[in-house]
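Undergrad: I would like the atomic coordinates for the input below:
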Amino acid sequence: MSELGEFLARFYSPEPTFRALRAGVRHTRKASVDGASSSRRPVIGRRRSGGNPHCGSEATLMIWAIPPDHVRVETERTRDGQAESTVEVTNSDDTWKRFANGTVQAGARSARRDRGEASLPTEYRRHFDRGLIRECFAALTLEAIGSCQVAGRECLRIRAVETPAKQLWPHWLAWEADSFEFAADVERSVLLSIVGTVAGAPVETHEVVEIAFDEELDESLFVYEPRPDERVEPVTPVAERITLEAAVSRAPFTVLRPTWLPEGDRLESQMMYHRTGPDFPDPHLTMLYGGCESFDHLWVNQRSDREKRMQEELQWEVVTVGVRSLEVSDPSPEEGLRIVVFEQHGNWVDIVSDMPLEKLQEFAISFLRADR
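TA: Next up is the predicted model:
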């Protein structure tokens, strides 16, 4: 049996490979090199020439776990030059998350399971939870390419590319990457390094820098005691599916709706409301469309203020259609998704699609207040 076969045979075995762990992880994310684009994900808009792309982020994490349901993750992160720290704790009954602003969300773990949400931190699961890693592997083609050492442990190097028609959720692995390299600890059936690349250059790396298995861990690690200056509130979902009527009553901005859609009689649609929270101070509404032949991608975001990072990083052209003024960022001649942005009734709308530009403009100028 090949080395990859031996790893997968052990990996898919029902036998547990550790009873406790303590690990330090380094997570780095950066922009892809100039001119490089992923074959896995379409280009969105036209990047500003000579602009400063998002410089990414760095984080160090400490993880403690006793399978199957006791996990603590402490994160120190530098994002846009600002340092912040978070703590996420889960045990068989309860879950807590302390955000960088001092807010603590606490609730029963069963409530999250009832909503269909994974109740263990993704930062733990992508390395050490074989359930999530199996879902990733199911969407990938794997190839052994050698061996290496990570955190002092012998690992098998595995190259992976996404299988057509399969899906990797963006929070699992690097969204824009066109290939991945894993360092798999064969003995313990875990991933000690995960590197996502675009055109051969790393864009996101999760690397275990220290690890110890089967130490005795204090149970107090898996309970969080809020400090007196920390505000405690119930756990709330980041996003929820919603109707247009409910969005009109809930959103702190004037909700708009399109009055023209290509192939409107066969179009499938859904609406997601992203509420305000410690990590998301500005609520927004997303309309998703699909199921027709005119385009592969179409989504619409609505919010009170223009999305600043997109405005700064992309090149824009002002287009006048009738009495309406639109801003367009078009990757042409490169294949990709166009963005149309406009302001109406104090609501900033951005539309992202591969629809032909003329049709996209027609769609944009059809928006009216939803209460009409």
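Undergrad: Okay, domains of this structure per the record?
TA: Domain ranges of the chain: 3-233, 236-369, per automatic domain parsing.
Undergrad: export the ones you listed to a markdown table and tack on mean neighbour count and mean pLDDT?
TA: The C-beta positions use only the backbone N, C-alpha and C, and glycine is treated the same way. Below are the domains of the chain laid out as a markdown table (neighbours: other Cβ atoms under 10 Å; pLDDT from 0 to 100):
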| stretch | mean neighbour count | mean pLDDT |
| --- | --- | --- |
| domain 3-233 | 16 | 88 |
| domain 236-369 | 16 | 90 |
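Undergrad: helix/strand/coil for G131?
TA: Of the three states, G131 takes helix under DSSP: H, G, I helix; E, B strand; the rest coil.
Undergrad: What sits closest to it if chain neighbours are left out?
TA: Counting by Cβ to Cβ, 6 or more residues apart in numbering, G131 lies nearest to R125, which is 7.4 Å off, once chain neighbours are set aside.
Undergrad: what helices or strands is the host helix or strand of the one you found leaning on?
TA: Under the criterion of DSSP states H and E, R125 resides in helix 122-128. With contacts taken as 3 or more Cβ pairs under 8 Å, 6 or more residues apart in numbering; DSSP states H and E, helix 122-128 sits against strand 21-29, strand 57-66, strand 70-79, helix 130-138, strand 190-198, strand 201-213.
Undergrad: do that again at 10 Å, thanks
TA: If you count contacts as 3 or more Cβ pairs under 10 Å, 6 or more residues apart in numbering; DSSP states H and E, helix 122-128 packs onto strand 21-29, strand 57-66, strand 70-79, strand 82-90, helix 130-138, strand 190-198, strand 201-213.
Undergrad: could these be laid out in JSON lines, adding distance to D296?
TA: Putting those into JSON lines (distance: least, Cβ to Cβ, whole Å) gives the following:
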{"stretch": "strand 21-29", "distance to D296": "27"}
{"stretch": "strand 57-66", "distance to D296": "30"}
{"stretch": "strand 70-79", "distance to D296": "32"}
{"stretch": "strand 82-90", "distance to D296": "36"}
{"stretch": "helix 130-138", "distance to D296": "23"}
{"stretch": "strand 190-198", "distance to D296": "21"}
{"stretch": "strand 201-213", "distance to D296": "23"}
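Undergrad: So for A165, which of these sits nearest?
TA: helix 130-138 (11.7 Å; Cβ to Cβ).
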